[in-house]
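> Pasted the sequence and its predicted model underneath.
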Amino acid sequence: MPGAILSQFSIETALLKVRAAEDAWNSRDPDRVALAYTQDSLWRNRTAFIRGRDQIRSFLAEKWRKEHDYRLAKELWGFRQNRIAVRFQYEWRDDTGQWFRSYGNELWEFDDTGLMRRREASINDLAITERERRFFWPPGSPRPEGAPGVEAPNESPHLVEGIPSAVAGVASSRPKPAACSPSPNIRLIAGFFESIRNGDVPGATGILATDVDWLESGLAPLGGRYRGRESVVRDVLIPFVGQFTEFSATPERFIDAGDEVIACGVYRGTLKSSGRRAEARFMNLFKVRHGVVTCVEQLADTAHFVAAPNR
């Protein structure tokens, strides 16, 4: 069922959150990006101070009017509780055709629903030649598997000349951090949860095969098997979420089993019928073939939802 990559991060969910942000920014769609932030989110971007989704949308629209052929890579630096630190680099050209690589660091803070309520970004721009570019995937699309990511400082051709040899030796001999990136299938399922949380139903259901097989556990009338994307949206997702206010699902763990991904977490919500809070643990099995979800089996302790009105 729907949900988001929420706060109180693990290494896995922090990595997924960073990649979800990278994919959204690479779309260069201000409306899509703004949905990941609270309505009153506070930003410092370089020396610009921004508040709320409307200002975020305006800022991003102006940014991408000036920064052509924008391509971005982000990297998790660290996390603690509801905060994440990120390194990022992006390449772009101005109206004259001059290319730049922008180097930045971000600090993120999230609310209890997984929306970012605070973002601080410090960024420096370096003019580069076209031959020095590193990012070449189609603009407006996610960074592909195998494409270059964030460049380490000791890999840059722009190292200051005259650096002491002892320091240079330490930098060049220091082992690179081990690559730790979620698999494409885990990113696909994490994107499903994130899209639903952001209200992007077409984006979420777009990963489902048109003839998807969906098995819903629990009590009638929703328990049973549903076939086809339209039936899942009409007969499962909309009715289920419609029972609640402030509904969320927290995927706490993803298990990668090749063509199958298991998402484990907690449903939480307030029942409209009684105003009572309820929660139940879930385990969803997603079967993936060629980049689309062909089967979903949703298991949850729905008795907790049924019992909630009588507590």
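In hand now; what should we look at?
> C-terminal to the helix-or-strand element of the chain with minimal mean pLDDT, which secondary structure element comes first?
Of all helical and strand segments in the chain, the minimum by mean pLDDT, DSSP states H and E falls on helix 165-173, at a mean of 44. Per DSSP states H and E, helix 165-173 leads on to helix 184-197 as the next helix or strand towards the C-terminus.
> Residues contacting that next one, please?
Applying C-beta atoms under 8 Å, 6 or more residues apart in numbering, the contact partners of helix 184-197 are 2-5, 16, 19-20, 23, 36, 113-114, 145, 182, 201, 203-204, 207, 237, 248-249, 251, 254, 256, 258-259, 261, 263, 286, 288, 291, 293. C-beta here means a position set from N, CA and C on the backbone, and glycine is covered the same way.
> Please apply the same query to stretch 8-22.
By C-beta under 8 Å, 6+ apart, the residues outside stretch 8-22 that reach it are 5-6, 36, 72-76, 79, 81-82, 84, 86, 88, 142-143, 180-182, 186-187, 190-191, 194, 251-254.
> repeat that with 7 Å
With contact meaning C-beta atoms under 7 Å, 6 or more residues apart in numbering, stretch 8-22 is reached by 5, 36, 72-74, 76, 79, 81-82, 84, 86, 143, 180-182, 187, 190-191, 194, 253-254.
> Buried only: go through these for me.
Buried residues within the contacts of stretch 8-22, counting neighbours by 16 or more other C-beta atoms under 10 Å: 5, 36, 72-74, 76, 79, 82, 84, 86, 143, 182, 187, 190-191, 194, 254.
> so the nearest residue to residue 285 once chain neighbours are set aside, which of the three states?
Among residues not flanking residue 285 along the chain, residue 297 sits closest, at 4.3 Å (C-beta to C-beta, 6 or more residues apart in numbering). Classification of residue 297 by DSSP: H, G, I helix; E, B strand; the rest coil places it in strand.
> okay, now residue 297: neighbour count?
17 (other C-beta atoms under 10 Å).
> Now do it against residue 282, distance only.
Distance, residue 297 to residue 282, by C-beta to C-beta, to the nearest Å: 11 Å.
> one step back: got a quick ChimeraX command for the buried subset of the contacts of helix 184-197?
Selecting just the buried residues from those in ChimeraX takes one command, with 16+ other C-beta under 10 Å as the test:
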select :2,3,4,5,16,19,20,23,36,113,114,182,203,204,207,237,248,249,251,254,261,263,286,288,293
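> could you say which helix or strand contains residue 151?
For residue 151, there is no enclosing helix or strand under DSSP H and E.
> That one touches residue 89, doesn't it?
Yes: with contact defined as C-beta atoms under 7 Å, residue 151 counts as touching residue 89 (6.2 Å).
> Looking at those two, which has the bigger crowd around it?
residue 89 (21 against 17).
> what separates the more buried one from residue 102, distance-wise?
For residue 89, the distance to residue 102 (C-beta to C-beta) stands at 7 Å.
> do the same with residue 187
Taking C-beta to C-beta, one finds residue 187 at 24 Å from residue 102.
> Go through the buried ones among the contacts of stretch 8-22 and flag which are in helices.
If you go by DSSP state H, the buried ones among the contacts of stretch 8-22 have 187, 190, 191, 194 in helices.
> got TSV for those residues, with pLDDT and distance to residue 50 too?
Shown next, in TSV, are these (pLDDT from 0 to 100; distance: C-beta to C-beta, whole Å):
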residue	pLDDT	distance to residue 50
187	87	28
190	88	27
191	85	25
194	82	22
